[in-house]
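> Attaching a predicted model along with its sequence, questions to come.
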Amino acid sequence: MSINPNDVPKVTLANGMVVPTMGMGTFGSDRFTPEEVSTAVAGALRSGYRLFDCASVYGNEDLIGKVFEDAFTEGVVKREDIFVMTKVWNDMHRDVRKSCLKSIADLKCDYIDIYYIHWPFPNYHAPFCSVDARNPDSKPFSVEEFLDTYRQIEELVDEGLVKAIGISNMTIPKLEAVLDQLRIPPVVHEMEIHPCFQQQELFDYCVAHHIQPVGFMPVGSPQRPERDIMPEDVADIEQPEMAAIAKAHGIHPAVVALKWAVQRGEIVIPFSTKEKNYISNLRSTLEDPLTEEEMKLISTLEKGNRLVKGHVFLWEGAKDWHDLWDEDGFIVK
């Protein structure tokens, strides 16, 4: 049932890196244990996945590293055959090198292909916290703080510990404030994208600035953490248009969402612990593309349905989660 990794479509990043358009996410959404996640990574690796999206805060890099180490030892893959992305968490912005070295050691991977700033501020929240949790030390976005964190990663690139830099959860006003001050431009932006939250303006901005969009929650993440589930949220894969397209192709609506994303030009990083699902996800990039009419239909499903609202990162004085996302075109302080 494995898929030849050479057959999976690729994109070339601004720095010349060639990356699969579909990878395996590793966030267990506070619902899956590190053991369950690493077991899924092991299966995905042997099924043809070569791109893996990790993060120190997910609490599973050591077990994923054991999977990579075993695969290297057994000759399943070489280190240069896989593409490893990970992220510095908010509480390590002042010691990025330490965080990076720990991820490299845990992941048993010698270097990181893309190292992200996970969130553009150092506002920390404890694992498994509730939606009402607040850190009294949280602060609004600071250009100076962000640049200090970013420049630490630039030094890691200089050392060869990191091959390229990624940003995540940014907005156009924040990017406007920092992009011209970066010595090494970011090659990817990991952002929430799914049919009912397409972020077209930000998507187009990134493409225009040679930053490849990487979509997380590409099917609307029905199993996201409890703190991120709100009564007003929309279930993308339950939209009648998605169901109709899925029926026409004989596939699940979630696979429709993945096809749409890849054909739109994203890298996607879905996660599943079920072998049939993660193989089906990867196979979706190879066969039976959506029609132009179906792509246009999905483009009409935009509902502003942001699922990761970020309540836990709010600072004293912030009105609500909308302040995190600069929706009026300026950085909210």
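Perfect, I can see it now. Residues are numbered from 1 along each chain as shown.
> Does residue 36 touch residue 271 like I think?
No. Using Cβ atoms under 8 Å, residue 36 is not in contact with residue 271, being 10.5 Å away. Where C-beta positions appear, they are placed from N, C-alpha and C, glycine not excepted.
> higher neighbour count, these two?
A count of neighbours by other Cβ atoms under 10 Å puts residue 271 above the other of residue 36 and residue 271, at 26 against 14.
> Now do the same for that one: helix, strand or coil?
On the three-state scheme (DSSP: H, G, I helix; E, B strand; the rest coil), residue 271 is labelled coil.
> Find the nearest non-adjacent residue to it, please.
Closest residue to residue 271 apart from its sequence neighbours, by Cβ to Cβ, 6 or more residues apart in numbering: residue 25 at 3.6 Å.
> what sits opposite the one you found in the beta ladder?
Residue 25 has these beta-bridge partners by DSSP bridges: residue 53.
> List the contacts of it.
53, 216, 269-271 (Cβ atoms under 8 Å, 6 or more residues apart in numbering).
> ok, residues contacting the longest helix along the chain?
Longest helix in the chain by number of residues (criterion: DSSP state H): helix 143-159. Contacts to helix 143-159, defined as Cβ under 8 Å, 6+ apart, come from residues 88, 93-94, 96-97, 100, 112, 115, 117, 120-122, 139, 162-165, 174, 177-178, 181-184.
> Of these, which belong to helices?
96-97, 100, 174, 177-178.
> which SSE is residue 297 in?
helix 292-299 (DSSP states H and E).
> Any idea how far that helix is from the middle of the chain?
Computed by Cα atoms, centre = their mean, to the nearest Å, the chain-centroid distance of helix 292-299 equals 24 Å.
> list the buried ones in that helix?
294, 297-298 (16 or more other Cβ atoms under 10 Å).
> How about stretch 251-269?
Buried, per 16+ other Cβ under 10 Å, within stretch 251-269: 251-264, 266-269.
> follow-up on the earlier one: can I get the ones in helices among the contacts of helix 143-159 in CSV with distance to residue 106 and pLDDT?
Shown next, in CSV, are the ones in helices among the contacts of helix 143-159 (distance: Cβ to Cβ, whole Å; pLDDT from 0 to 100):
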residue, distance to residue 106, pLDDT
96, 15, 98
97, 15, 98
100, 11, 98
174, 29, 98
177, 33, 98
178, 29, 98
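> Out of those, which comes closest to residue 304?
residue 174 (19.0 Å; Cβ to Cβ).
> Isn't the closest one up against residue 120?
Yes. Residue 174 is in contact with residue 120 according to Cβ under 8 Å; the separation is 5.8 Å.
> Find residues that contact each of the two.
With Cβ under 8 Å, 6+ apart, residue 174 and residue 120 have common neighbours 141, 146.
> which of the two has more neighbours?
Using other Cβ under 10 Å as the criterion, residue 174 and residue 120 rank with residue 120 on top: 26 against 19.
> Report pLDDT for the more buried one.
Listed pLDDT for residue 120 reads 97.
> What residues does it make contact with?
Residues in contact with residue 120 (Cβ under 8 Å, 6+ apart) are 141, 146, 167-170, 174.
> I'd like those written out as JSON lines, with secondary structure and distance to residue 211 added.
JSON lines is the format used below for the contacts of residue 120 (DSSP: H, G, I helix; E, B strand; the rest coil; distance: Cβ to Cβ, whole Å):
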{"residue": "141", "secondary structure": "coil", "distance to residue 211": "18"}
{"residue": "146", "secondary structure": "helix", "distance to residue 211": "15"}
{"residue": "167", "secondary structure": "strand", "distance to residue 211": "8"}
{"residue": "168", "secondary structure": "strand", "distance to residue 211": "11"}
{"residue": "169", "secondary structure": "coil", "distance to residue 211": "13"}
{"residue": "170", "secondary structure": "coil", "distance to residue 211": "9"}
{"residue": "174", "secondary structure": "helix", "distance to residue 211": "13"}
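> Most neighbours of all these, which one?
Going by other Cβ under 10 Å, residue 167 tops these with 28 neighbours.
> returning to that earlier point: now that we're looking at the residue nearest to residue 271, what pLDDT does it have?
Reported pLDDT for residue 25: 97.
> before we move on, the earlier item: quick check on the ones in helices among the contacts of helix 143-159: which are buried?
96, 100, 174, 177-178.
> Check the contacts of residue 120 and tell me the two furthest apart.
141 and 168 (13.3 Å).
> Next, the contact list for residue 318, please.
Residues counted as contacts of residue 318 (Cβ under 8 Å, 6+ apart) are 140, 324, 332.
> ok, of those residues, which one's closest to residue 315?
residue 140 (5.5 Å).
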